[in-house]
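A.B. asks: What follows is a predicted structure for the sequence shown.
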Amino acid sequence: MNTITLNNGVEMPQIGLGVWQVEDGKEAADAVQKAIEVGYRSIDTAAIYKNEVGVGEGIKASGIAREDLFVTTKVWNADQGYDTTIKALDESLEKLGLDYVDLYLIHWPMPGKDRYVDTYKAMEKLYEDGKVKAIGVCNFEVDHLQRLLDECTVKPAVNQVECHPYLGQHELKEFCAKNEIFLESWSPIMQGGAVLEDDTIRNIAEKYGKEPAQVVIRWHIQSNSIVIPKSVTPSRIESNFDVFDFELTEDEMKSINNLDRNERKGPHPNDMDKE
């Protein structure tokens, strides 16, 4: 299991299970339990996914010690603001059945509402109080990150954004690397899976006897990104994790980098204002 060291010294697994659109209860619990059985030690959920209870049940059923797991959740847009963020974490912890989370993220910057700085300051307090081991953001562009760096005290550990070979996020990756912020990829194999049909990806997969999805996940790992593929299918949960027995060459990495066409499946962060 590959881990990376965040800018505050906390160790985070480089690959985790994402549970967006996973139904609460048995489906979420079973997926989490299966992932932990396979070897995953990082689980990524969010208040808005409405499956924190199921995730917590899966964690409990796994029998793995809490300190050996890395759990991420996120504050939703409607809860942005200082006091509401503090309250939102308490609610998430209660649903998860945990005393702390390892990483707490702002889900979207919502620049039109202009609450993300206050939200982040509340997260700094939660970090100081030990209720979260690290704090960060999702879907932040360079200007949003720069504002946090200018106005807040604790540097974000992670920026979780849509990223896949058709949306390489190269400029954002560069900014994050320069400022010791890890980029974490959501939708890493691209919603709809069009990237998995790409000839470049398929040819590389054939060479290594791997699935196209495994090649894409490997590309993320070698790009020094954190990656959280989502699945509820046991065989897919297994294969998404089976990416540590081969390595892409420098030329293969470049050829995948060159697939970038700035193609988003999710909303642009500046356009996302849904509460």
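C.D. replies: Arrived safely, thanks for sending.
A.B. asks: who are the neighbours in contact with the nearest residue to Pro188 once chain neighbours are set aside?
C.D. replies: Nearest residue to Pro188 in three dimensions, chain neighbours excluded: Val227, at 4.8 Å (C-beta to C-beta, 6 or more residues apart in numbering). Every residue, glycine included, has its C-beta placed from N, CA and C. For Val227, the contact set (C-beta atoms under 8 Å, 6 or more residues apart in numbering) comprises 14-16, 184-185, 188, 217, 220-221.
A.B. asks: Got phi/psi on Val227?
C.D. replies: Recorded main-chain torsions at Val227 are phi -140, psi 140, according to degrees, to the nearest 10.
A.B. asks: Same question for Leu103.
C.D. replies: Here Leu103 shows phi and psi, under degrees, to the nearest 10, equal to phi -140, psi 130.
A.B. asks: That one pairs with what?
C.D. replies: Counting by DSSP bridges, Leu103 is bridged to Thr72.
A.B. asks: Tell me where the model's unsure across the stretch 1-150 of the chain.
C.D. replies: 1 (pLDDT under 70).
A.B. asks: And the strands in it, which stretches?
C.D. replies: Applying DSSP state E, counting those that start in this stretch to the stretch 1-150 of the chain gives strands spanning 3-5, 11-13, 17-18, 42-44, 70-75, 103-106, 135-138.
A.B. asks: Let's have those in CSV, adding distance to Ser239 and mean neighbour count.
C.D. replies: Shown next, in CSV, are these (distance: least, C-beta to C-beta, whole Å; neighbours: other C-beta atoms under 10 Å):
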stretch, distance to Ser239, mean neighbour count
strand 3-5, 21, 14
strand 11-13, 17, 19
strand 17-18, 13, 28
strand 42-44, 17, 26
strand 70-75, 21, 26
strand 103-106, 25, 28
strand 135-138, 26, 25
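A.B. asks: so when I look at Asn159, I'm seeing a helix, right?
C.D. replies: No. Read with DSSP: H, G, I helix; E, B strand; the rest coil, Asn159 is strand and lies in no helix.
A.B. asks: when you give positions from now on, start the count at 24
C.D. replies: Fine by me, first position is 24 from now on; the one you just mentioned is Asn182.
A.B. asks: Let me know how buried it is, in neighbour terms.
C.D. replies: 29 (other C-beta atoms under 10 Å).
A.B. asks: Would you check that it makes contact with His167?
C.D. replies: No. In this structure, Asn182 is not within contact of His167 by C-beta atoms under 8 Å, at 9.0 Å.
A.B. asks: Which residues are in contact with each of the two?
C.D. replies: The contact sets of Asn182 and His167 overlap at Val160 (C-beta under 8 Å, 6+ apart).
A.B. asks: circling back: right, and the strands of the stretch 24-173 of the chain - which one's nearest Pro188?
C.D. replies: Among these, strand 40-41 comes nearest to Pro188, with 17.5 Å by C-beta to C-beta.
A.B. asks: who does the closest one touch, helix- and strand-wise?
C.D. replies: Secondary structure elements in contact with strand 40-41, counted by 3 or more C-beta pairs under 8 Å, 6 or more residues apart in numbering; DSSP states H and E, are helix 49-61, strand 65-67.
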